[in-house]
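Student: Got a sequence here, can you model it:
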Amino acid sequence: MTQRNPTRWVSAVGLPFILVVVVLAVSAVGRVTLAKKLRWVTRKEPIFLRKPLSGMGRRVGDYRFELANTLPAEMEDSLGTDQYLDWILIDTSVKDRQDPRRHVRLFVTYYTGGPNLVPHVPDVCYQAGGYKPKQSHETRTVEMPSLSEYGGEIPIRVCTFVKTAIYNQQEVTVVYTFHANGTFAATRTGVRNATHRILDKHAYFSKVEISFGGEGCQPQTPGREESIVAAAKLLNAVLPVLLEEHWPDWEAAETSGLNQSG
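Tutor: Numbering: from 1, shown residues only. Okay, the predicted model is just below:
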């Protein structure tokens, strides 16, 4: 009967390779053990909306509901969620019917559960639609008097795009922010940091995206700075409603360990 020679086997495989395998195995076991002792959460549970986004009241502050857009099935699949609101609003405080700030598109999406969800952002999506950045995208902080519990301010992301057609040139500024695991963020990295906190049991994020203007407006869309001011006004009206009526009660869910069935 032939006996294996351990020395020859180690020599054939390579001692450095064996040491690496051993270190990785010990590291993996140690990480799991440490995670259990410290109660780290490696798999996040879903946490559902308190009320569907589409159930939002159709009059919020100065804003009156005008139209609800329904995405085609293929676009909804690409979006990765059926929890969304895509509304056209009218800012009744703007009396000039041709003022682009009077006509508002509010697009809110919600995601929870599922591994490695990647937020859709206009920075990427608009370019896929043929738009090009007119200038560098930027992250800003805007005042939110209606959100004193968040220090009266939140971060936003601002993107201005241009699309050149045969007969005209379209320009649009998009302003958006995220609410993720009880905090506001303006970038994918910010969302990832919020939803990957090791002690949190659940994970969710919601994007609030705003743009202005349309056919019949003069000009067709407002400028970048005008869009930022107008978006901040809308966010001051809409975010408290989302927080109080639609988005999950984050602290209650984390404390109770429930996922709030939707």
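Student: Return, as residue ranges, the portions of the stretch 1-150 of the chain with sub-threshold pLDDT.
Tutor: 1-42, 114-117 (pLDDT under 70).
Student: what's near enough to touch residue 58?
Tutor: By CB atoms under 8 Å, 6 or more residues apart in numbering, the contact set of residue 58 is 64-65. Quick note: C-beta positions are derived from backbone N, CA and C, even for glycine.
Student: Report the separation between residue 92 and residue 133.
Tutor: 32 Å (CB to CB, to the nearest Å).
Student: Equivalent analysis for residue 63, please.
Tutor: Residue 63 is 28 Å from residue 133, by CB to CB.
Student: again, but for residue 77
Tutor: 27 Å.
Student: now swap in residue 211 and tell me
Tutor: 15 Å.
Student: Equivalent analysis for residue 73, please.
Tutor: 30 Å.
Student: same check, this time on residue 177
Tutor: 19 Å.
Student: Which one's more surrounded, the two?
Tutor: residue 177 (25 against 13; other CB atoms under 10 Å).
Student: and the helix or strand where the more buried one lies, which strands flank it?
Tutor: Assigned by DSSP states H and E, residue 177 belongs to strand 169-180. When pairing is defined by DSSP bridges, strand 169-180 lines up against strand 153-164 (antiparallel), strand 183-185 (antiparallel), strand 204-212 (antiparallel).
Student: Tell me which residues are up against whichever helix or strand comes after the second one.
Tutor: If you walk from strand 183-185 toward the C-terminus, the next helix or strand you reach (DSSP H and E) is helix 188-195. Under the criterion CB under 8 Å, 6+ apart, residues 44, 117-119, 121, 155, 178, 180-183, 185, 203-205 lie in contact with helix 188-195.
Student: got it, and stretch 233-253?
Tutor: 47-53, 55-57, 60-63, 89, 91, 104, 106, 108, 110, 142, 144-147, 154, 156, 177, 179, 181-182, 201-202, 204, 206, 208, 210, 258-260.
Student: List buried residues within those.
Tutor: Buried residues within the contacts of stretch 233-253, counting neighbours by 16 or more other CB atoms under 10 Å: 47-49, 53, 56, 60-61, 63, 89, 91, 104, 106, 108, 110, 142, 144, 146-147, 154, 156, 177, 179, 181-182, 201-202, 204, 206, 208, 210, 259-260.
Student: Identify the bridge partners of the most centrally placed residue in the chain.
Tutor: Residue closest to the average C-alpha location in the chain (CA atoms, centre = their mean): residue 207, at 3.7 Å. Note on residue 207: beta-bridge partners by DSSP bridges are residue 109, residue 178.
Student: Secondary structure class of residue 76, three-state.
Tutor: Secondary structure, DSSP: H, G, I helix; E, B strand; the rest coil: residue 76 is helix.
Student: ranking the strands paired with strand 169-180 by burial, who's on top?
Tutor: strand 204-212 (a mean of 24; mean count of other CB atoms under 10 Å).
Student: what angle do that one and helix 188-195 make?
Tutor: Taking axes from the mean of the first three to the mean of the last three CA atoms, to 10 degrees, one finds strand 204-212 and helix 188-195 inclined to each other by 150 degrees.
Student: and the protein, what are its domains?
Tutor: 10-38, 53-256 (automatic domain parsing).
Student: Would you point to the one among those domains that's packed deepest?
Tutor: It is domain 53-256: most buried of these by mean count of other CB under 10 Å, with a mean of 17.
Student: measure that domain end to end?
Tutor: Distance across domain 53-256, first residue to last, is 24 Å (CA to CA, to the nearest Å).
Student: Kindly report the same for stretch 45-56.
Tutor: For stretch 45-56, the end-to-end distance is 25 Å (CA to CA).
Student: Pull the distance from that stretch to the chain's centre.
Tutor: Taking the mean of its C-alpha atoms, stretch 45-56 sits 15 Å from the chain's own mean (CA atoms, centre = their mean, to the nearest Å).
Student: try stretch 103-112
Tutor: On CA atoms, centre = their mean, the centre of stretch 103-112 falls 10 Å from that of its chain.
Student: got it, and stretch 236-249?
Tutor: Worked out by CA atoms, centre = their mean, stretch 236-249 lies 15 Å from the chain centre.
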